[in-house]
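S.K.: Any chance you could fold what I've pasted below:
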Amino acid sequence: RNQGEGAARNTAIGAASQPWIGVLDSDDAWHPDLLATLWPLRAGHVLVAGAALYRRAGGEIERYAGLPWGARRRLASPRALIAGGNPIPASGVLARRDVVLACGGFDASLRFCADLDLWLRMLEHGTGVLSARPVVDYHLHAGQVTRDRAAAAAGHRRVLEGYADRPWFARPLLEAWRGGVAWDDLREALGEGRGGGMVATARFLAGHPARPAGLARLLITRALMRRRLSALDPGS
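M.R.: Next comes the predicted model:
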């Protein structure tokens, strides 16, 4: 019986026999060097991940999703996943199976951001590491739930706020992330001819000092990732 992606992943993880697992969704494609890139980085960590390349239906690369600078980044706490969104692609990660099981696996009740939810819980058990090297292609298509940007953002926020009682949680970091979301909301509103969104966005950004800083961080990060994409694909 189809119980959703979370339950499907949990079924596979429960049946696995090796100490490390890798998730690969049916619409994604691992690069040939994924294991060669990530496997040597795993020592002492509960998860390791690389970057993703988002590809349109024709195969063109739309964007790079990963570290905006540097070759590698250590994730010392779940707090590292609050302000900047979720930098860990679900199909670009290797995770320790015992830690996944100890955390309860994926929350099958979540329609959005079940992967982020699991990474947060895993990083309560140990550290992670991110590599800037692309290891997976994420193929864009109309049927993806993440195409509903507003619903995905709302789900993302619900997951983060579900950990508000944790010592690593920091409200200013969440508000910084919300500042970036507000920018994307404004761009969408302007694209649909709803110019009144500019006033609402300005008021929202002014409502917390971390929101403008979060917007600035988002714009800088995206500029750096576009530069990194250009280096990978000069035609982009």
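S.K.: For the protein, which segments count as helices?
M.R.: Assignment of helices within the chain using DSSP state H yields the ranges 5-15, 34-38, 97-102, 114-122, 149-161, 171-191, 197-206, 210-232.
S.K.: Any stretches of this protein with poor pLDDT?
M.R.: For the chain, the stretches with pLDDT under 70 are 142-147, 192-196, 233-236.
S.K.: got the CA positions of the longest strand anywhere in it in PDB?
M.R.: Ordering each strand of the chain by length in residues (DSSP state E) puts strand 128-139 first. Presented in PDB, the C-alpha positions along strand 128-139 are these (Å, rounded to 0.1, in the frame of the first residue of the first chain):
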ATOM      1  CA  GLY A 128      27.900  15.900   9.500                       C
ATOM      2  CA  VAL A 129      30.000  17.200   6.600                       C
ATOM      3  CA  LEU A 130      29.100  18.800   3.300                       C
ATOM      4  CA  SER A 131      31.100  18.700   0.200                       C
ATOM      5  CA  ALA A 132      30.800  21.400  -2.500                       C
ATOM      6  CA  ARG A 133      31.200  18.800  -5.200                       C
ATOM      7  CA  PRO A 134      28.000  18.000  -7.100                       C
ATOM      8  CA  VAL A 135      27.100  14.300  -6.600                       C
ATOM      9  CA  VAL A 136      23.500  14.100  -7.800                       C
ATOM     10  CA  ASP A 137      21.200  15.500 -10.600                       C
ATOM     11  CA  TYR A 138      17.800  16.600  -9.400                       C
ATOM     12  CA  HIS A 139      15.400  16.500 -12.400                       C
END
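S.K.: quick one, that strand and helix 114-122 angle?
M.R.: 170 degrees (axes from the mean of the first three to the mean of the last three CA atoms, to 10 degrees).
S.K.: Relative to strand 128-139, what are the paired strands and their orientations?
M.R.: According to DSSP bridges, strand 128-139 has the following sheet partners: strand 28-30 (antiparallel), strand 47-55 (parallel), strand 72-75 (antiparallel).
S.K.: what sits up against the longest one?
M.R.: Under the contact criterion CB atoms under 8 Å, 6 or more residues apart in numbering, strand 47-55 has outside partners 34, 37-39, 41-42, 61-67, 87-89, 91-96, 99, 119, 122-123, 128-140, 232. Just so you know, the C-beta spots here come from the backbone N, C-alpha and C atoms, and that holds for glycine as well.
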